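Trainee: With the sequence up front, the predicted model follows.
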Amino acid sequence: MSIDRRRLLELTGLSGLAALIGCAPETSEAAPGFPFKLTDAQWKARLTPAQYNVLRQEGTERPYSSPLNGEKRKGQFACVGCGHPLFASMTKFESGTGWPSFYAPLNGAVATATDRSMLMTRIEVRCARCGGHLGHVFDDGPRPTGKRYCMNGVAMTFRPA
């Protein structure tokens, strides 16, 4: 599923100036297009401050700060906000960027949107179930996809197989 960032902001009720300049929304209500919804207070109660910053406010963790960056066991990476499975461990690779990187998500696991913040255009990756911000995808990954899903480790959990 691909959602244009402007449409995402419109769906969350944050159109207008924020949509025009590509700002991150200041509230954390999930867009109506995502099936798992919580109020801002419920998200704050459910997540740590660092998780809330990334998932609901589109923050970014410091590179090399996540233990998931070095995770090498077989298993699955899931959204820390709603538990939705996102990536299989066999698609994880060492990108050298300091963030957990994958060459492909599980089918139907993520949604993407155009992100024009920070004076550049990137493709934002969100959990397809709750709309939580996970990171960005780039076209400099390995075969077979050529994609690098550069994810914030704090936005995910790991379930060993």
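Mentor: All right, it came through fine.
Trainee: Could you use CA atoms for every contact and neighbour count after this?
Mentor: Will do.
Trainee: At the geometric centre of this structure, which residue do we find?
Mentor: Closest to where the C-alpha atoms of the chain average out (Cα atoms, centre = their mean) is Leu134, at 1.3 Å.
Trainee: got the contact list for the host helix or strand of that one?
Mentor: Using DSSP states H and E, Leu134 sits in strand 133-138. Outside strand 133-138, the residues within contact range by Cα atoms under 8 Å, 6 or more residues apart in numbering are 54-58, 60, 122-127, 147-152, 155-156.
Trainee: Please report the distance of Glu61 from Gly132.
Mentor: Distance of Glu61 to Gly132, given as Cα to Cα, to the nearest Å: 14 Å.
Trainee: higher neighbour count, those two?
Mentor: Neighbour totals were compared for Glu61 and Gly132, and Gly132 leads with 30 against 20 (other Cα atoms under 10 Å).
Trainee: Isn't the more buried one up against Leu55?
Mentor: Yes - if you go by Cα atoms under 8 Å, Gly132 and Leu55 touch, sitting 4.5 Å apart.
Trainee: which ones are touching the residue lying closest to Thr97 once chain neighbours are set aside?
Mentor: Nearest in space to Thr97, with sequence neighbours left out and distances taken as Cα to Cα, 6 or more residues apart in numbering, is Pro63 at 7.0 Å. Contact criterion Cα under 8 Å, 6+ apart gives Thr97, Gly98, Trp99 as the residues in contact with Pro63.
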